[in-house]
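Participant: quick check, what structure comes out for this input:
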Amino acid sequence: SVKVLDASTLSFGTRVRWFAICFVAGIVCSILGTALLWLPKGIKLFAVFYTLGNIAALASTCFLMGPLKQLKAMFEPKRLVATVVMLLFLVLTLCAVFWWNKKGLAVLFCILQFLAMTWYSLSYIPFAR
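Facilitator: Numbers count the residues shown, from 1 in each chain. A predicted model of the protein is given here:
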């Protein structure tokens, strides 16, 4: 049922705790990915950890809003383009590093991923877009 997919089944304290855990995990993944960039084959680790970090940060807000409410908000007309661009760069980063084996493109997509995540985040602040 819908209640299973909604954060309302969790207490407020539990939702805040899991939000913090996911958010911190996202930051740690991004920092770890950056640190691993300097290793041999580090570009793959960087791209994966950086992308996982952004996904974890995005998932963290599911605990505050609930997954269904977040999905509805993500695809509202006012932030649809920002959401699609953000998701596109998440996927393109992984494609560049695993399928196309293009290191420079992977780094470019990580930069664009950062900019797209910033744009997406700003779309929640009135008049920030």
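Participant: just the helices from the protein, written as ranges.
Facilitator: Ranges of helices within the chain are 2-5, 12-36, 42-65, 67-74, 80-98, 103-122, based on DSSP state H.
Participant: save those helices as TSV, and put in mean pLDDT and mean neighbour count too.
Facilitator: (Each C-beta comes from the backbone N, C-alpha and C, glycine too.) Below are those laid out as TSV (pLDDT from 0 to 100; neighbours: other Cβ atoms under 10 Å):
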stretch	mean pLDDT	mean neighbour count
helix 2-5	46	9
helix 12-36	89	16
helix 42-65	88	20
helix 67-74	87	15
helix 80-98	93	18
helix 103-122	89	17
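Participant: wait, Leu52 sits on Ile31?
Facilitator: No. Counting by Cβ atoms under 8 Å, Leu52 sits too far from Ile31 to count as a contact (11.9 Å).
Participant: Val97 and Ala59, how far apart?
Facilitator: 21 Å (Cβ to Cβ, to the nearest Å).
Participant: cool, and Lys103?
Facilitator: The value you get for Lys103 to Ala59, if Cβ to Cβ is used, is 27 Å.
Participant: how about Leu92?
Facilitator: Distance from Leu92 to Ala59, by Cβ to Cβ: 20 Å.
Participant: excluding residues flanking it in the chain, which one is nearest Ala116?
Facilitator: Closest residue to Ala116 apart from its sequence neighbours, by Cβ to Cβ, 6 or more residues apart in numbering: Met86 at 4.1 Å.
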